Structures are given as structure tokens and as C-alpha cells.
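One predicted model, sequence on top.
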Amino acid sequence: MKITDVIMYEIKPRWIFARVLTDEGIEGWGEMISGTKTETVMAGAKELAQRIIGRNPFEIERIWQELHRSFFRGGPINGTIISGLEMALWDIKGKAFGVPVYELLGGAARDRIRVYSWIGGDRPSDVASQAKDRLERGFSAVKMNATEELHYIDSYKKVQAVVDRVSSIRDACGDDIEIGIDFHGRVHKPMAKVLAKAVEPFHPMFLEEVVLPENWEAFDQIAREVAVPLSTGERLYSRWEFKRLFQQGCVDIIQPDVAMCGGILETRKICAMAEAYDMAAAPHAPYGPIALAATLQVDACTPNVFIQEQSFGIHYNQGFDLLDFIKNKEIFQFENGYLALPGKPGLGLEMDVDKIERIAAEGLKWSNPSWKNYDGTIAEW
């Protein structure tokens, strides 16, 4: 079998799909992250795709090594391109052998996959009623953004607003629901300490990205301040960037993104490294259906994954949602806050190619929000 072509699609609201064709008629699908550089990712993907035309799609590790090990390596652009192409190769291989991808990675390590639901939006609000709604729909865990923008040093009024929001969830749902609180890298170290301590009494499931990953040294100080699991990893590419977290030993939960960190096998390797350090995994997956399907393959065979993010109804999905581009919509059927293990070959998706091509023809203009502090300085989103 040989790869004959790679077709790229820009898909609203903020996704990039890759379709890898072969001379035997089996095709694989992958997904890349547009971020704020859609055209850059598209151009880079088309360039790297030329290096895999004519290759054996089963040689996933060899192709990955060749694409990754350039003189200048890493970074979000290369990371997401390699990730998207890699998951498409696994889709092809699984379909060729007639099994889900996880069967080629050691087989199932669990019976089902627990998931959580997003609430609150970018500038979090109305979290109590949304948490109660998710609880009534069977979810046992939610995640919310902690706060809007915070300056290096900011007012306790904003901290109290976060406390009030988290408290409102506890008032509405008691301890029947777990709460992941995402600082989203918006909080600088001085305020991260204050905010983490302030929400600790509400027993969060985890505190995510309490500081940006480049400020990794602050994890140590914050871990000493609070008895709440810390999580991070969505912006890191490859196991080499996770290595420092493992050595530091302060983060409790890693969150690799299959569409960023290097793909399915790289995510599995990162989670295996974390397991050796007695760390949990909760993969990052707020994007489209292909990325989620690929992530579920990792979840199925990875014992230290304890919960999975999913983006149905997330505040970014304006105009389209995950089910809009797949035909077998039952693959993402939640039951009491769980998903069944994937059962179909490859990634398990039946893509609606006609609709994908139609929407791709409209183009994609997506940019992450750009925020400023009260004094006009740049704020982290």
C-alpha cells in the first residue's frame, strides 16, 4: 500500500481536516489545530505532505521520526501538522486490519471512558445552572474557566468573583459533581498562588494551567501551597517537552493534546512516561470530531487516563458542532457521563465528505480572542 495524496480542508468553526488517500482505496483522516495561523498550518501541511506521498502508510514510527527530526524541530505549527498526519496513518492501518486503533496499541485497558463537560464560557458566567444541567444529564464532572483576564497583581474582588462562581456550583450540586478549574494560563504567578488557595476549600478535581508552561518553575511553589492536583500539558509538543514536568514532580495530571503533541502514538508514549512517575492523564481535546476520536483510541488502551475532555456545545463551536461532519453520530453517544469504547476499524468515523467539501469551500477565518488589561497592557487569553 502506498500513500497517493493528502487533501486538506479548512472547516468552520476552527478545525483543519487532513484526508490521506492510498492506492488501495483506504483513506485516513486526521485533524490539525488552526489556532491563529490557519493559512500557515495549511501551507506547512501541504509542504510536509509531499514527503509522505509514495510512502507505506503502515510505517508510522519511521515517518513520524523523519517528519519530527528536522534541524529546527518542535513548536505548535510543526507539532499540529505532524499530529494530524500521524493520526490519519493510524486510521488507515486500523481500517486495513479491520480493528480499532487501540487494538494495535496493546488493546483495551478499561470498559468505558469517563468524560466531563464544559460550562461557563470564555468569561465564565451562569455556571451553577449549567453544572446542574450537566448533572441531570448524567455527567459527574464539569470544567470551567476560572476567570477572565488578570494582571500580574490584580484585585481581590476578581478573586472573590471566582470563589463565588465555584461556591455557586457547590450550592447547586453539592459534592455530586467534580469541578475542574482551568486557569488557562491567564494568571501570573503572584495571583496564581492567591487564586489557587482561594478555591482550595471547594475541593476542585484539578487546577489546570495555573501558570503558562514556560513558567514551569512556579509549579513547585503552587504545589506546596495547595492540596489540589495540578494539571498542564495542552501546549507541549512531544515527550521531550514533558520530560521536565516529570523530573520536577509537581504536576499531578498531564494533558497532552493528540492534535498537538505528535499524534496518537506520541500521546500514548507520554502517558506511559507519566504512569512511571505515578501521574494521571486527562488528554486535552476541545477541538473537532477527528481529534476526539483519535484521543478516545488512546484513552481506551491507557490505564492512567482517568477522565476525558470533550467539546460538544463548547462556547467556541459557533455554527457547527462535532456531529455535523460525521455520518455515524452514535460514536459519540454519552451514557451517564461515559462513552463506550470505539468499536469500528481505524478511528471509527464515517466522514461526510460531501458536506466537508462544501463547507471547506467557504474558507475559515478563526482567531483566538485578544484581551487587554485595564491599563491597556496585553492580557493572556
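Good, I have the coordinates.

what residue ranges in the protein are flagged as low confidence?
Judged against pLDDT under 70, the chain has no low-scoring part.

switch to 80 and redo it
36, 313-319, 366 (pLDDT under 80).

quick one, phi psi at Val305?
The phi/psi pair for Val305 (degrees, to the nearest 10) reads phi -70, psi 120.

so how far is Phe334 from it?
17 Å (C-beta to C-beta, to the nearest Å). Heads up, the C-betas are built off the backbone N, CA and C, glycines and all.

Of the two, give the one with the bigger neighbour count.
Neighbour count, other C-beta atoms under 10 Å: between Val305 and Phe334, Val305 has more, with 26 against 15.

quick one: contacts for the closest residue to Phe242 other than its chain neighbours?
In this structure, Phe242 finds its nearest non-sequential neighbour in Ile270, 5.3 Å apart by C-beta to C-beta, 6 or more residues apart in numbering. When contacts are counted by C-beta atoms under 8 Å, 6 or more residues apart in numbering, Ile270 touches Gly233, Ser238, Arg239, Phe242, Ile254, Pro256, Cys261, Ala281.

most neighbours, which of the residues you listed?
Within the contacts of Ile270, most neighbours by other C-beta under 10 Å means Pro256, with 31 neighbours.

Show me the strands in this protein, by range?
Along the chain, counting by DSSP state E, strands occupy 3-11, 15-22, 28-33, 112-114, 117-119, 141-145, 178-182, 206-208, 230-232, 253-254, 280-281, 338-340, 371-372, 378-379.

Which one, of those strands, ends up nearest to Gly79?
strand 28-33 (8.6 Å; C-beta to C-beta).

The nearest residue to Ala280 once chain neighbours are set aside: neighbouring residues, count only.
Using C-beta to C-beta, 6+ apart and skipping residues adjacent in sequence, the residue nearest Ala280 is Ile253, 4.6 Å away. Here the number of neighbours of Ile253 (other C-beta under 10 Å) works out to 23.

just Asp175 next, same as before
Using other C-beta under 10 Å, Asp175 is surrounded by 9 other residues.

and the closest residue to it other than its chain neighbours, how many neighbours?
Spatial nearest neighbour of Asp175, chain neighbours left out: His203 (7.5 Å); criterion: C-beta to C-beta, 6+ apart. Applying other C-beta under 10 Å, we find 13 residues neighbouring His203.

what do you get for Thr232?
For Thr232, the neighbour count with other C-beta under 10 Å is 27.

Quick check, it in contact with Asp252.
No - counting by C-beta atoms under 8 Å, Asp252 is not a contact partner of Thr232; they are 9.7 Å apart.

and Lys37, what is it in contact with?
Lys37 touches Ile77, counting by C-beta under 8 Å, 6+ apart.

buried ones in stretch 186-197?
For stretch 186-197, the neighbour count (16 or more other C-beta atoms under 10 Å) marks Arg186, Val187, His188, Lys189, Met191, Ala192, Lys193, Val194, Leu195, Ala196 as buried.

which residues touch that stretch?
Under the criterion C-beta under 8 Å, 6+ apart, residues 145-154, 156, 159, 162, 183, 207, 210-211, 215, 218, 221-222, 225-226, 228, 379-381 lie in contact with stretch 186-197.

Show me those that map onto helices.
Tyr156, Val159, Val162, Ala218, Gln221, Ile222, Glu225 (DSSP state H).

What's the ChimeraX syntax to select whichever of these are buried?
Of those, the buried ones go into a single ChimeraX selection, burial set by 16+ other C-beta under 10 Å:
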select :159,162,218,222
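
of the ones in helices among the contacts of stretch 186-197, closest to Trp118?
Trp118 has its nearest neighbour among those in Val162, at 16.7 Å by C-beta to C-beta.

Go through the ones in helices among the contacts of stretch 186-197 and name the one nearest Asp321.
For the ones in helices among the contacts of stretch 186-197, the nearest to Asp321 is Val162 (28.1 Å; C-beta to C-beta).

where along the stretch 201-350 of the chain do the helices fall?
For the stretch 201-350 of the chain, helices defined by DSSP state H, counting those that start in this stretch occupy the ranges 218-225, 238-248, 264-276, 289-300.

And these: which comes nearest Arg19?
Evaluated with C-beta to C-beta, the helices of the stretch 201-350 of the chain place helix 289-300 nearest to Arg19, the distance being 9.9 Å.

quick one on the thing from earlier: quick check: bridge partners of the residue nearest to Ala280?
Ile253 forms beta bridges with Ser231, Ala280, as assigned by DSSP bridges.

could you measure it against Glu241, distance?
Per C-beta to C-beta, Ile253 is found 16 Å from Glu241.

Number of residues surrounding Gly54?
10.

Could you find the closest non-adjacent residue to it?
Spatial nearest neighbour of Gly54, excluding adjacent residues (C-beta to C-beta, 6+ apart): Lys2 at 5.6 Å.

right, and the one you found touches Glu59 too?
No - using C-beta under 8 Å, Lys2 is not in contact with Glu59, being 11.0 Å away.

For the residue nearest to Ala280, list the residues it contacts.
Neighbouring residues of Ile253 by C-beta under 8 Å, 6+ apart: Phe206, Pro229, Leu230, Ser231, Thr232, Met279, Ala280, Ala281, Ala282, Phe306.

one more time with 10 Å
180, 205-208, 229-233, 274, 279-282, 304-307 (C-beta atoms under 10 Å, 6 or more residues apart in numbering).

Check Ala274 too.
With contact taken as C-beta under 10 Å, 6+ apart, Ala274 is in contact with 233, 239, 242, 245-246, 251-254, 256, 280-281, 302, 304-305.

Then Arg51?
Residues counted as contacts of Arg51 (C-beta under 10 Å, 6+ apart) are Ile63, Glu66, Leu67, Leu85.
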